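one predicted model, sequence on top.
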Amino acid sequence: MQLARSELTMEGTAADFLHHRKWWLYTSNTASDECEFTILTRELSKRPINGGTSQYIPFVLPALQNIYNAISAAGLAGGIKVTTQIDTTVLDKSYPPEDGVFRSDVAPYLNPVIWFLANTDAPIFAIIYPYFAYDQNPQKIDLRYALLHPFEGIVTPNGVRYQNLFYALLDAVYAALEKSMALTSVDAATDAGIGSIEVQGGESGWSSGG
């Protein structure tokens, strides 16, 4: 389940969550009796590369922390995950997928967020549109591969076969996340019982005119 509130702003949630706390706790208490769900708002999903939203990036981590603290205070952190989403524009390299890595200009923002998600056992949502990768390189990417149609796939230099572009991009995100986690002390991660982060589908699709 995704929750959103039009009047919930990134700046307000990051600066002072008390104004929104009663609404979140009421909603989470009501829904948690029926199912396990994830809190994901568009305000927590600003894309760092987008010039129209990049100014909100410093507020993402404090906002996530404030929401998580409110949920924890209600004793609901075990069944409610607070998270955000990223898209493939934050990748500096996506092929071969095992070499996936975040861009150096967004890593300082992403790494603390990723550590927070790992520490709270929350997934991260990935926005993966094979169309954009295909559109940038149609001469080298088979359309069947990009559209997830029956296809023999491709084999990377390391011998890994991918049946479609979506899976390859997803693995590139996983590889980038692993490299981000590796920047933190291994001993610290082990002591905290922190493992890998699960990636869940956020958005995908194909251009209606493509």
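Nice, thanks for sending it over.

next, the buried residues of stretch 129-142.
For stretch 129-142, burial by neighbour count (16 or more other Cβ atoms under 10 Å) applies to 129, 130, 131, 132, 133, 134, 141, 142. C-beta here means a position set from N, CA and C on the backbone, and glycine is covered the same way.

now the element after the helix or strand bottoming out on mean pLDDT in the chain, going C-ward?
Across the helices and strands of the chain, mean pLDDT, DSSP states H and E gives its lowest value to helix 186-191, namely a mean of 46. Note on helix 186-191: by DSSP states H and E, the next helix or strand toward the C-terminus is strand 199-203.

list the helices and strands that next one packs on?
For strand 199-203, the elements it packs on are strand 85-87, strand 124-127, helix 165-182, judged by 3 or more Cβ pairs under 8 Å, 6 or more residues apart in numbering; DSSP states H and E.

quick check: angle from that strand to helix 165-182?
Angle, strand 199-203 to helix 165-182, by axes from the mean of the first three to the mean of the last three Cα atoms, to 10 degrees: 130 degrees.

I'd assumed residue 152 was in a strand, is it?
No. Looking at residue 152 with DSSP: H, G, I helix; E, B strand; the rest coil, it is coil, so not inside a strand.

could you report the distance from it to residue 127?
Distance of residue 152 to residue 127, computed by Cβ to Cβ, to the nearest Å: 27 Å.

looking at the two, which one has more neighbours?
residue 127 (18 against 10; other Cβ atoms under 10 Å).

how far away is the more buried one from residue 203?
4 Å.

intersection of neighbour lists for these two?
85, 87 (Cβ atoms under 8 Å, 6 or more residues apart in numbering).

give me the neighbour count for the nearest residue to residue 102 once chain neighbours are set aside.
Closest residue to residue 102 apart from its sequence neighbours, by Cβ to Cβ, 6 or more residues apart in numbering: residue 176 at 4.9 Å. Using other Cβ under 10 Å, the number of residues around residue 176 comes to 26.

contacting residues for residue 176?
Residue 176 neighbours (Cβ under 8 Å, 6+ apart): 90, 91, 100, 101, 102.

repeat the analysis, applying 10 Å as the threshold.
86, 88, 90-94, 97, 99-103, 107, 110, 114 (Cβ atoms under 10 Å, 6 or more residues apart in numbering).

how about residue 173?
86-88, 90-91, 94, 97, 100, 102, 124, 126-128, 197, 199.

what's the closest of those residues to residue 67?
residue 124 (15.1 Å; Cβ to Cβ).

contacting residues around the closest one?
40, 83-86, 110, 113-114, 117-118, 173, 177, 197-200, 202.

swap in residue 149?
When contacts are counted by Cβ under 10 Å, 6+ apart, residue 149 touches 142, 143, 163, 164.

and if we set it to 6 Å?
Under the criterion of Cβ atoms under 6 Å, 6 or more residues apart in numbering, residue 149 has no contact partners.

how about it, phi and psi?
When read as degrees, to the nearest 10, the backbone of residue 149 gives phi -80, psi 160.

quick one: it from residue 163, how far?
Distance from residue 149 to residue 163, by Cβ to Cβ: 10 Å.

ok, now residue 102?
Relative to residue 163, and taking Cβ to Cβ, residue 102 is found at 25 Å.
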